[in-house]
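Participant: quick one, structure for this:
(4 chains)
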4 protein chains.
Amino acid sequence: MDIPKPPAPELDVTQWFNTATPLTLAGLRGKVVLLHAFQMLCPACVKLGIPQAQQVHEQFARQDVVVIGLHTVFEHHDAMQPVSLAAFIHEYRLSFPIGVDRPDGQRGIPMTMRAYDMRGTPTLILLDRQGRMRQHSFGHVPDLALGAAIGMLAAES
Amino acid sequence: MDIPKPPAPELDVTQWFNTATPLTLAGLRGKVVLLHAFQMLCPACVKLGIPQAQQVHEQFARQDVVVIGLHTVFEHHDAMQPVSLAAFIHEYRLSFPIGVDRPDGQRGIPMTMRAYDMRGTPTLILLDRQGRMRQHSFGHVPDLALGAAIGMLAAES
Amino acid sequence: MDIPKPPAPELDVTQWFNTATPLTLAGLRGKVVLLHAFQMLCPACVKLGIPQAQQVHEQFARQDVVVIGLHTVFEHHDAMQPVSLAAFIHEYRLSFPIGVDRPDGQRGIPMTMRAYDMRGTPTLILLDRQGRMRQHSFGHVPDLALGAAIGMLAAES
Amino acid sequence: MDIPKPPAPELDVTQWFNTATPLTLAGLRGKVVLLHAFQMLCPACVKLGIPQAQQVHEQFARQDVVVIGLHTVFEHHDAMQPVSLAAFIHEYRLSFPIGVDRPDGQRGIPMTMRAYDMRGTPTLILLDRQGRMRQHSFGHVPDLALGAAIGMLAAES
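Facilitator: This next block holds a predicted model:
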C-alpha cells in the first residue's frame, strides 16, 4: 500500500517583500514552488543562491514555477533585521517575493526553518504541484541539476 | 488532425571518438539525445558549449540522456583535421562520444550540419525519446534553461 | 618651479575593526596605502572590490603596502550600522583593518568620503610612501592595472 | 663583488605572426618583455594564460612593456602545426606577436623552450629593461601578482 505523502509545512512569515499580499503554500497548489532559504550576510547565498533564485524567477512562466525567498535568520540577529533586508533587496534588485521567517523569540532558529529541519543557509526546497516536498538541499545546487529537477516537476500534471 | 513529426535527420559521420561502435540516432530511440555541434577552434564552444556537454554527459543517467558531440568543420578545414581533434579531445579530457561530420568535398558546410540547417557553432539540438527534434539553438544556452529542457523531455514516456 | 603636492586628507573614523589601535595615514608614512571605500550592501563592492582588497592585504608585504577599508555609508544608514558591519566582516572573513567613516550628523555623506570628494562606492585610492594621493578611481579597477600601480609606487624610495 | 647577470637566451623562432619583422630580445633592450610560452591545445593556456597575455599587450604602453607569445610545441606535434596555430590566432583575435619555437627535429622539446629550461605550458617569463630574466613561472600567475611584477620592472630605469 502506498501511503500518500502529505504536503510540506506551511510558511510562517512575519513580513513580506515584493508581494502585495502574503503568500501561502496552500494558495500555490498546482504550481511548482522553489523555496530558497537564505541570510543576507551569508556569502554563499549572496554569490550563488540568491542570483540563481532570481534567475529562476525571471526565466520560468509564473503559472508553472513560483520562487519564494525565505529570510531565515539564525545568527547575527541584530545585524539582519528587516530594515537591513529591505536595503539589501533594493540594492541587489531582487524582484521575487521574500518572506521574513518568524523568529522563535529566543534568538535561535526561526519557525519555518525549524519546521523544515533545515541545516543552514543556503537551503533549496522544491515542492511539486501538489505541495509535497520533492527536494531538500543544503548548499549550492548547480544550475544544470536545478533546471532538470524543475523541468521534471513542471512536466507532472 | 495532428500530423506526426518525423524523426530528425540521421548523423553522417566519418570517424568516431570515445565510442567503440558508431552511433546512430535510430539506435538511440527511447533516450533523450543532446547533439552538440562544435568546432575545436571556436572560442565560445571551448569556453561554454563543450564543458556544458561534458557536464550533461557526466550528470544524467545514460539510459535517459545521451550526449553526442559533432565536429562540424565549415571553416579553417586544414587547421581542424581529425589528428588535431584527437589531441584536443585528449587534452580537454572529453569523454562523451564525438563524431566527425562528413565533409562535403568542397570545403564548405559538412553533411550533417547541412541536413540540420545549422547556422554556425556552437549549435545545440535536443531530440526527444522518439527521435524528433524539439530544440535547435544557435549560441550558448544557459545551464538552467538547458537543464529544464532536458528534464521536461526526460519526463516524457 | 615644482610645487610639492601635500599629503592626502587624514582619515576621520569613529570605530575600527581588525586593528588593536586606530590607524592614521600620518603613521603609515613610508608605506604605500590602498584605501578601499565601500558599503557592505553595495553589490559591486561585495563581488569585486572587497575580495580584491583582501587579496592585496594577503599578497603584499606589510612593510611595503597597507590596505585600509573605509565603510562610507551615504545611503540606507539604518541598514548598515556598525553592528551589521561587524557581522559582515565576520561572515566574509575579512582580515584587513576597516574603519567606519564618521557620519555627518545629517544622514548624508560621511566626513572622510566628503574630504576625498568620492563619488560613490567602490572607490579605490592609492597613496604613495609620502602619503600623497596618486590614484583615485570610482568603480572597479582590474587586478592587472591595480597590481601595476601598486608595483610602481612600491618601487619608489 | 657583484657579478652582473647575463641577458636571457635569444629567441629561436621559425615563423612569426602579428609582426611584420622578426623580433629579437636584443632589439627590445630598454623595455620590459613578457614572454608567454604556450601550446594552442593546452587548456590552462587557452583559459588563463593567453587572455592574460592579450590583456597585458592591450593595457601597457608599448615603449614600456612588450608581450611576445611563443608556441612551444612539445607534444601532439602533428596536431599543432603552424596552419592550425594561424586559425587559432585568428579565431581568438590575438594581436600580440607570436613566434613558433624551432622544433628540435626529433619531435621533442623545441629549441627556445630547451634554452630556458621550461617545464611545460603555460610558462611566463619576465625580462627587465636590460634583457635579464627576472621571473620564470610555470603555471598561472594571478593578475594582481603579474601586474605588480611588471610595475616594479617598469619602474626601473
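Participant: can you classify A:Val66 as helix, strand or coil?
Facilitator: Three-state call for A:Val66 (DSSP: H, G, I helix; E, B strand; the rest coil): strand.
Participant: number of residues surrounding it?
Facilitator: 22 (other Cβ atoms under 10 Å in any protein chain shown). Any C-beta I mention is one placed from the backbone N, CA and C, and that applies to glycine too.
Participant: what of the one 5 residues further on?
Facilitator: The burial count assigned to A:His71 is 27, neighbours taken as other Cβ under 10 Å.
Participant: any idea what it is bridged to?
Facilitator: According to DSSP bridges, the partner residues bridging A:His71 are A:Phe38, A:Val100.
Participant: got the phi/psi numbers for the residue nearest to A:Ile98 when sequence neighbours are not counted?
Facilitator: In space, and not counting its chain neighbours, A:Ile98 is closest to A:Gly69: 3.7 Å by Cβ to Cβ, 6 or more residues apart in numbering or on different chains. Torsion angles at A:Gly69 (phi, psi; degrees, to the nearest 10) stand at phi -90, psi 150.
Participant: could you list the residues of chain A in contact with chain D?
Facilitator: Proximity of chain A to chain D (Cβ under 8 Å from any Cβ of the partner chain) involves no residue at all.
Participant: how about low-confidence regions in chain A?
Facilitator: A:1-2 (pLDDT under 70).
Participant: how about the residues of it by chain B?
Facilitator: For chain A, the contact set with chain B under Cβ under 8 Å from any Cβ comprises A:52, A:55-56, A:59-60, A:142-156.
Participant: got the contact list for the helix or strand that A:Gln52 is a member of?
Facilitator: Using DSSP states H and E, A:Gln52 maps to helix A:50-59. Helix A:50-59 is contacted from outside by A:34, A:36, A:38, A:65, A:67, A:69, A:92, A:94-96, A:122, A:140-141, A:143, A:146, A:150, B:142, B:144-145, B:148, using Cβ atoms under 8 Å, 6 or more residues apart in numbering or on different chains.
Participant: which stretches of chain A form strands?
Facilitator: Secondary structure of chain A by DSSP state E: the strands cover A:13-17, A:32-38, A:65-71, A:98-101, A:123-127, A:133-138.
Participant: against A:Gln15, how distant is A:His71?
Facilitator: According to Cβ to Cβ, to the nearest Å, A:His71 stands 9 Å off from A:Gln15.
Participant: same check, this time on A:Arg93
Facilitator: In this structure, A:Arg93 and A:Gln15 are 19 Å apart, going by Cβ to Cβ.
Participant: same deal with A:Leu70?
Facilitator: Distance of A:Leu70 to A:Gln15, given as Cβ to Cβ: 12 Å.
Participant: that older thread, between A:Arg93 and A:Gln15, which is the more surrounded one?
Facilitator: The neighbour comparison of A:Arg93 against A:Gln15 (other Cβ under 10 Å) goes to A:Gln15, with 14 against 8.
Participant: count the neighbours of A:Asp117 for me.
Facilitator: A count of neighbours around A:Asp117, defined by other Cβ under 10 Å, yields 10.
Participant: kindly report the same for A:Gly105.
Facilitator: Look at A:Gly105: counted by other Cβ under 10 Å, it has 8 neighbours.
Participant: and stretch A:91-102, how far out from the chain's middle?
Facilitator: The chain centre lies 10 Å from the centre of stretch A:91-102; the measure is Cα atoms, centre = their mean, to the nearest Å.
Participant: can you verify my assumption that A:Ala26 contacts A:Leu127?
Facilitator: No: A:Ala26 is beyond contact range of A:Leu127, at 11.2 Å (criterion: Cβ atoms under 8 Å).
Participant: between those two, what contacts are shared?
Facilitator: Joint contacts of A:Ala26 and A:Leu127 (Cβ under 8 Å, 6+ apart) are A:Pro7.
Participant: these two: which is more packed in?
Facilitator: Higher neighbour count among A:Ala26 and A:Leu127: A:Leu127, with 23 against 10, using other Cβ under 10 Å.
Participant: who's the residue nearest to the more buried one when sequence neighbours are not counted bridged to?
Facilitator: Closest residue to A:Leu127 apart from its sequence neighbours, by Cβ to Cβ, 6+ apart: A:Val33 at 4.2 Å. Beta-bridge partners of A:Val33, counted by DSSP bridges, are A:Val66, A:Leu127.
Participant: gap between A:Val33 and B:Glu10?
Facilitator: 42 Å.
Participant: more neighbours, the two?
Facilitator: Between A:Val33 and B:Glu10, counting by other Cβ under 10 Å, A:Val33 is the more crowded of the two (23 against 12).
Participant: so what's A:Leu85 up against?
Facilitator: By Cβ under 8 Å, 6+ apart, the contact list for A:Leu85 reads A:Phe17, A:Met40, A:His71, A:Ile98, A:Val100.
Participant: before we move on, back to that, intersection of neighbour lists for A:His71 and A:Gln15?
Facilitator: Common neighbours of A:His71 and A:Gln15, counting by Cβ under 8 Å, 6+ apart, are A:Gly99, A:Val100.
Participant: between strand A:65-71 and the longest helix seen in chain A, find me the angle.
Facilitator: For chain A, the longest helix by residue count, based on DSSP state H, is helix A:143-154. Orientation check (axes from the mean of the first three to the mean of the last three Cα atoms, to 10 degrees): helix A:143-154 against strand A:65-71 gives 120 degrees.
Participant: hey, C-alpha coordinates of helix A:143-154 in CSV?
Facilitator: Extracted as CSV, the C-alpha positions of helix A:143-154 are listed here (Å, rounded to 0.1, in the frame of the first residue of the first chain):
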residue,chain,number,x,y,z
ASP,A,143,22.1,25.3,-12.4
LEU,A,144,22.0,22.3,-14.7
ALA,A,145,20.8,20.0,-11.9
LEU,A,146,18.3,22.5,-10.6
GLY,A,147,16.9,23.1,-14.1
ALA,A,148,16.5,19.4,-14.7
ALA,A,149,14.7,19.0,-11.3
ILE,A,150,12.3,21.9,-12.1
GLY,A,151,11.7,20.6,-15.6
MET,A,152,10.8,17.2,-14.4
LEU,A,153,8.4,18.6,-11.7
ALA,A,154,6.9,21.0,-14.2
